[in-house]
Each structure stands twice: as C-alpha cells, then as structure tokens.
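A.B. asks: okay, structure incoming, though there's no sequence with it:
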Ligand code: ADP
Ligand code: MG
C-alpha cells in the first residue's frame, strides 16, 4: 500500500477499533484516519521512569510512583462519605491510599503484607500525604523493570464513559505504530535535520507516544514542534511571495493633498510613531505592488488619523477609499470624525451601514460608480454586491479581529482592474508569536507610542461590597465635570440573564444617582435607539453610560474619565484592556475600576492583577496568551491556524522564530521549491493539502 493511502485508511480498520469505537473516535476526537490517530499526541506523561521514596514526596508534585507495602486498612465514614483508607509504607515513611468508589471490591482485592507499586497524585492533608484512587499493582519483575513515560491522551467524558481511556488509546496507537513503522516518511529535508540535530520522523512519532526517558521525549517534541511551525511559516511566506509577484498595485504618487493637510489642517502634531508608520505605508502605496499591511497600535494610539492621511495620498492620486468598521457605532464615529477633515480638504465622504435609508443608499451607490465619492465609511454593509466602486485604491479595515478573513478578501474583489491596497488596523495587541502565525503573510507596522500628554490610567480592583465608596467616587468625578462608563458583561447577546443583570444594574445606578442623566446601550436595542443614546453621551448630555461590551471597540469620548467594569472576572484580559482604553483619552486623570465578587478563581485573579499592574497592551496580550492559550484569545477562535497539534504559541516562541528563519532561508535559496533537496518539502505540502488547517482563511 502506498504511504498516503495507508495513513488515509479509516480508523475503523485498525485492529481493536471496529465500527462502534470508530464512530466515537470520529465524533469525540475528530479522529477519522490512521493519520489522525498517529497524530493524536499525548498532552502529558506519567513518569514511570523512576520510583520515588515516600520521604521524597513533596507538595505540588505531579504523579509519583512508589514501592511499598500495605500495613493496614480501615473503612471510615458512612453513606456517601464512606471511604477506604490503606496505610502504605516503605522504609522511609508512610502515605495513605484513599478510595471513595468501588470500596468493597478494592477492599477485598488488596492485601496487607504484599509488595505493591502505587501510582497517583499526592495531596497533602495536615502533615500526611494521600493518593486518591491510585493505580495499584503487585510488584512484579515486569513492573519493577519497566520504566518509561506513559502517555496520557486528550479524551472526553463520553469516551471515558465508554471505556475508551488513555490506556486503551495507547494500546491502539502502539498497534498502529507497529503497522506503520516502515511507512513513515521523512518530512523534513536532510539539511534541516542535520542543521538542527533533529531525530527522524519515524523516531519522533514513536517517542512522542512512548518515550523511554525524558531526553527521548524532548527530542521528539523539539522536532515535531519545529516541523509544525516550519510548514505554517513556509506556506505563509510562500503566499506572500506569490502575491508580491503577481498582484500589481496602483502607484499613488500625488502628495499634494497630504501637503495641504499637513500645512493647513493637521489638528495636532503627529507622534514619531505615527510618522514612522505613515512612511512605511506610503512606501507600499508607491511601490507598484499591492500592499497587505497590518497596523498594530494600542488603544488610543491614533490609528484613525493615520488611516486618513493614507487616504489623502490615494485620493490625491485619483483613487477611492473605503474604511470598514465592525459596528455601527464605530462606523458612525469614524464618519463624524473624518467628515470634519474631509470637508476641509474638499473630499466627498459618505456613511453606509445596515440602517442607511434606501434613497441614500441609491445615491451613495451611484456616486461610488461614477467615481465622485472619495471616501466611503461603513460596516460590513460595504461588502454587499451592489456596492461597486469606480476605482477602489485603498481599503482600510478597522479592528480586524472582528472580521473573518473571507470578508477581508471580499473587499479585495471590489476593484476589477487591480486589487486595492489593504490596511488592516487592530488595537488588540497580538503577541509576536501569534502575529507571526495569524498574519505571517502580512507586513506589520506598529505604533508603539501614545500621543503626548496622556496620563496613564489608574486601575484599581474593588469587591462589590465596596460599592458605596465606588459610587461616592463617581459622584465626585461627575461633579468635577467628567463622564463615566459602567459596563456589564453580555457575552452572548441572547443571554436573558445577562440582560437582566444589566437592567438591574441600570436601576440601582438610577436610584443611587437620582439627579444625574444616564444613558443605556446594549445589543438588544434598535440601532436608532442605540445611536440616540450614544449621541447624548458624546454630547455630554448624559453623565453615565451604562452599557454592555458594544462600546468596547473604538468609541472615543475624551471627557469620559472613569470606566467601571462590573463582574470583571467574566471578561478576558484583552477585552478588559480594550474597555479600559475607552478612557484616558483626554487631558484629565482617568480611572478604571474593576469590580468583582469576593470569591475569585486563580486565573481570574491573575487577570485582574495584570490589569492593575500594567497599561501596556502588548504585555497584557502576552500574559493572556500564557494564561489561556491562543485558542481563547479574542477573535482567534474561528481561525483554523491555531488548531496546532503540538506547538504552543504561548511557550514556543523561540522554536517559532527558528522555524520562520529556516522557512525564509529555504525560500530565499529556492523560491519555487524546485531543487531536488527540497522535494521532501514539496511532497509534504502536496500531501497535506486537505489537512485540518483552513488556509484560505488566512490569505
Ligand atoms: P485608536 O488607535 O485607538 O483608534 P484613535 O485614532 O481613536 O485611536 O485616537 C484616539 C484619540 O487621540 C483621538 O481623539 C485622536 O484625535 C487623538 N489623537 C490621535 N493622534 C494624536 C496626536 N498625535 N496627538 C494628540 N492627539 C491625537
Ligand atoms: Mg480605533
């Protein structure tokens, strides 16, 4: 059987699997083929490479293996609390083995005075250690000699319920490895193997499942992680190469509007960082190649004006511009802001959203087609079929993480002659490792400086029992002329309970501040009502804005100086940071108050502490990545690229760096991968075409 066909064999045909287990593996673990099964890697290992002495056991140890005898047994408690405790001793000390289930059966089975091997996770009670539900086997020549790391596989409750546990899975994989042995091809070119001193693919697969010792495991991990990241980088870089080759970009050379704006209308001095990124973008717009650039900049770093100044170069050179924002509120705000600048520059500008009137819509469509409209601001309404430009030259996407990449590419199609230049702006700082994986095909510019004169936001954590003090503080701020946001979690707009919390919150705030005008905005409101409330707050007619996370993205009210976040423990770090970024935009000292329940989980506490400690978005993003892993980072959930088999973007930054460098080297030397020594790479790319990673998503 050819290699490929072998690994495509449905898992059902592996000895020991069969139709019923196959269905379970399909459904629960997405394992369909031999190839899927062999790549179902353990997520940790039980260390059976050594026996610990009981005196060596310490708190916080993972699983330990010990040798000893049962010196006595007792049944303690009654009813559901009943448990079996066995006293287990070696020459150095004693621990307890405890069972809460299957007590009678175990009690009969285990004998005093016999040598056993026990394996379990130690927990400390007072000054004794106890292993709950340990594995217990009589000491035998086999288990005394056998020493290795035992794989523990990702499983689901359902699988365990059907007795498909780690042991069973490891048997199946063992069987498969034996069958597959001579069919496992090498997937990295010889040069990379020797350069990095990597073990072969065959050894790596064996050792990732059944390592004899720690070193073998480390070697397997190093190789497989590198390989996974190498191929991702290779594809991204290749995509970028192809695009650079193929896609011509319009050349924008007329800077007369830019000069005029700089001389007559620039509302403030640009920061050095803003100047730097404008230079980078201008170089792209003049290069003759289509731009695909990511502009990262912390909240409040002034990305909007940068976008506008880029539009000036395109408009001056006769092209049209589009700016797409993820929400109606944000599109409206961009429109209000940019309209002021545009009118001074005699540029036409329109807003197109879901709630634009039909007659206006028609007029806008026409002005787009006849080329008289210079700038179109809008929501995803911009993507609709009827929206046709005469000559779209620059497409800017704000807060990109809210858009799927499919939508991004739709915007590209809006110019039939040449793809427009694309600038993606995001205020969700993305850790380097993640950016390299998610946006490895884009060029990146970073605004790493805030406009001068901003005071860092003071962040405090308060338990909800301190609400009276918080209210008093808000009252003082409002008396001093400031405005306040109070944000409630509404993770899923359809959640009734969250809506109730919000309404209850609104009521109690109304009661606490009877003489103060309050706005409320949430996702269940009609867009007009939302906009009306938002507008009142922006105009300072209301002093408190009670809202859900709809205000999270981009909204800019410089007079608002306090951000209160209720149930702060329910928000992710990057979301908290985004929310905090709504204040601190004016000259006044701003505050962020994170209110939580007294009881806090470990991770929630870490998140809150991070927020209190730092204002730096990149630092926060790094912490977020460490705490939660990339899959949970905002906006990355649906991106298939992050379904990594083995590499961990939170921890494997250095490996990623190496893998990317190697990919760059390979492509520099052989851009079309035509050289014989790279045939391994070609084969591998071919054979993983229909892998789980959806590449179209990130192009
Ligand atoms: P973000 O990068 O979060 O989108 P904005 O573009 O909304 O930030 O800018 C935040 C605020 O800072 C706006 O009120 C904007 O006018 C102002 N701003 C931008 N650049 C500067 C600058 N160089 N100096 C002073 N204020 C600036
Ligand atoms: Mg913005």
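C.D. replies: Here it is on my side, so go on. Treat the numbers as computed from the prediction; the structure is a model and nothing was measured. Numbers count the residues shown, from 1 in each chain. Ligands and ions are numbered 1, 2, ... in the order given.

A.B. asks: in the stretch 151-300 of the chain, which residue sits closest to ligand 1?
C.D. replies: residue 268 (3.7 Å; CB to the nearest ligand atom). (C-beta placed from N, C-alpha, C; glycine too.)

A.B. asks: try the stretch 351-500 of the chain
C.D. replies: residue 451 (3.3 Å).

A.B. asks: read off the pLDDT value for that residue.
C.D. replies: Residue 451 carries a pLDDT value of 89.

A.B. asks: same question for residue 185.
C.D. replies: Looking at residue 185, its pLDDT reads 91.

A.B. asks: roughly how far apart are it and residue 606?
C.D. replies: 43 Å (CB to CB, to the nearest Å).

A.B. asks: same check on residue 518?
C.D. replies: 33 Å.

A.B. asks: again, but for residue 47
C.D. replies: Taken as CB to CB, the span from residue 47 to residue 606 is 27 Å.

A.B. asks: before we move on, the earlier item: in contact with the residue of the stretch 151-300 of the chain closest to ligand 1, which residues?
C.D. replies: When contacts are counted by CB atoms under 8 Å, 6 or more residues apart in numbering, residue 268 is found next to residue 451.

A.B. asks: state the helix or strand in which it lies.
C.D. replies: When elements are defined using DSSP states H and E, residue 268 is found to belong to no helix and no strand.

A.B. asks: wait, what's in contact with the residue nearest to residue 343 when sequence neighbours are not counted?
C.D. replies: Excluding its sequence neighbours, the residue lying closest to residue 343 (CB to CB, 6 or more residues apart in numbering) is residue 349, at 7.7 Å. Shown in contact with residue 349 (CB under 8 Å, 6+ apart): 335, 338-339, 342-343, 373-377.

A.B. asks: what does residue 264 give?
C.D. replies: Residue 264 neighbours (CB under 8 Å, 6+ apart): residue 344.

A.B. asks: which SS class is it?
C.D. replies: When classified by DSSP: H, G, I helix; E, B strand; the rest coil, residue 264 comes out as helix.

A.B. asks: low-confidence regions, the stretch 201-350 of the chain specifically.
C.D. replies: Low-confidence segments of the stretch 201-350 of the chain (pLDDT under 70): none present.

A.B. asks: distance of whichever residue of it sits closest to ligand 1 from residue 157?
C.D. replies: Residue nearest to ligand 1 within the stretch 201-350 of the chain: residue 302 (2.7 Å; CB to the nearest ligand atom). For residue 302, the distance to residue 157 equals 49 Å [CB to CB].

A.B. asks: the more surrounded of the two?
C.D. replies: residue 302 (19 against 8; other CB atoms under 10 Å).

A.B. asks: for that one, what are its contacts?
C.D. replies: Counting by CB under 8 Å, 6+ apart, residue 302 touches 270-271, 274, 447, 450-451.

A.B. asks: just those: which are in helices?
C.D. replies: Using DSSP state H, the subset of the contacts of residue 302 located in helices is residue 274.

A.B. asks: the contacts of residue 302: which two are farthest apart?
C.D. replies: Distances among the contacts of residue 302 were taken as CB to CB; the most separated pair is 270 and 450, at 12.3 Å.

A.B. asks: residues of the stretch 401-550 of the chain that sit close to ligand 1?
C.D. replies: 427, 451 (CB under 6 Å from any ligand atom).

A.B. asks: can you map out the helices along the stretch 401-550 of the chain?
C.D. replies: Under the criterion DSSP state H, counting those that start in this stretch, the stretch 401-550 of the chain contains helices at 405-412, 432-438, 467-479, 496-512, 527-538.

A.B. asks: out of these, which gets nearest to residue 84?
C.D. replies: helix 496-512 (41.9 Å).

A.B. asks: can you name the residues in contact with the host helix or strand of residue 160?
C.D. replies: Under the criterion of DSSP H and E, residue 160 resides in helix 157-161. With CB under 8 Å, 6+ apart as the test, helix 157-161 has contacts from 24, 28-29, 165.

A.B. asks: closest one of these to ligand 1?
C.D. replies: Checking the contacts of helix 157-161 one by one against ligand 1 (CB to the nearest ligand atom), the nearest turns out to be residue 29, at 41.3 Å.

A.B. asks: neighbours of the closest residue to ligand 1 within the stretch 501-650 of the chain, just the number please.
C.D. replies: Residue nearest to ligand 1 within the stretch 501-650 of the chain: residue 556 (4.7 Å; CB to the nearest ligand atom). Neighbours of residue 556 under the rule other CB under 10 Å: 18.

A.B. asks: who touches it in this structure?
C.D. replies: So residue 556 contacts 333, 337, 582, 585 (CB under 8 Å, 6+ apart).

A.B. asks: the last one against residue 301, yeah?
C.D. replies: Put plainly, it is residue 585. No: using CB atoms under 8 Å, residue 585 makes no contact with residue 301, being 10.9 Å away.

A.B. asks: neighbour-wise, which of the two wins?
C.D. replies: residue 301 (25 against 21).

A.B. asks: residues in the stretch 251-400 of the chain within reach of ligand 1, list them.
C.D. replies: Counting by CB under 6 Å from any ligand atom, the stretch 251-400 of the chain sits next to ligand 1 at 268, 270-271, 274, 297, 299-305.

A.B. asks: residue 397 looks like it's in a strand, true?
C.D. replies: Yes: remark: residue 397 belongs to a strand, assigned using three-state DSSP.

A.B. asks: that one: neighbour count?
C.D. replies: 24.

A.B. asks: bridging residues for it?
C.D. replies: Beta-bridge partners recorded for residue 397 (DSSP bridges): residue 324, residue 424.

A.B. asks: for the nearest residue to residue 518 once chain neighbours are set aside, which residues are in contact?
C.D. replies: In space, and not counting its chain neighbours, residue 518 is closest to residue 544: 4.6 Å by CB to CB, 6+ apart. By CB under 8 Å, 6+ apart, the residues touching residue 544 are 474, 478, 483-486, 509, 513, 516-519.

A.B. asks: for residue 52, same thing?
C.D. replies: Counting by CB under 8 Å, 6+ apart, residue 52 has contacts 64-66.

A.B. asks: mind giving me the domain split of the protein?
C.D. replies: 50-146, 256-447, 458-614 (automatic domain parsing).

A.B. asks: ok, now how distant is residue 564 from residue 647?
C.D. replies: 39 Å.

A.B. asks: who's more crowded, those two?
C.D. replies: Ranked by neighbour count (other CB under 10 Å), residue 564 and residue 647 place residue 564 first, with 26 against 22.

A.B. asks: now do the helix or strand containing residue 259: which elements does it pack against?
C.D. replies: Applying DSSP H and E as the criterion places residue 259 in helix 256-260. Here helix 256-260 is seen to pack against helix 303-316 when contacts are counted using 3 or more CB pairs under 8 Å, 6 or more residues apart in numbering; DSSP states H and E.
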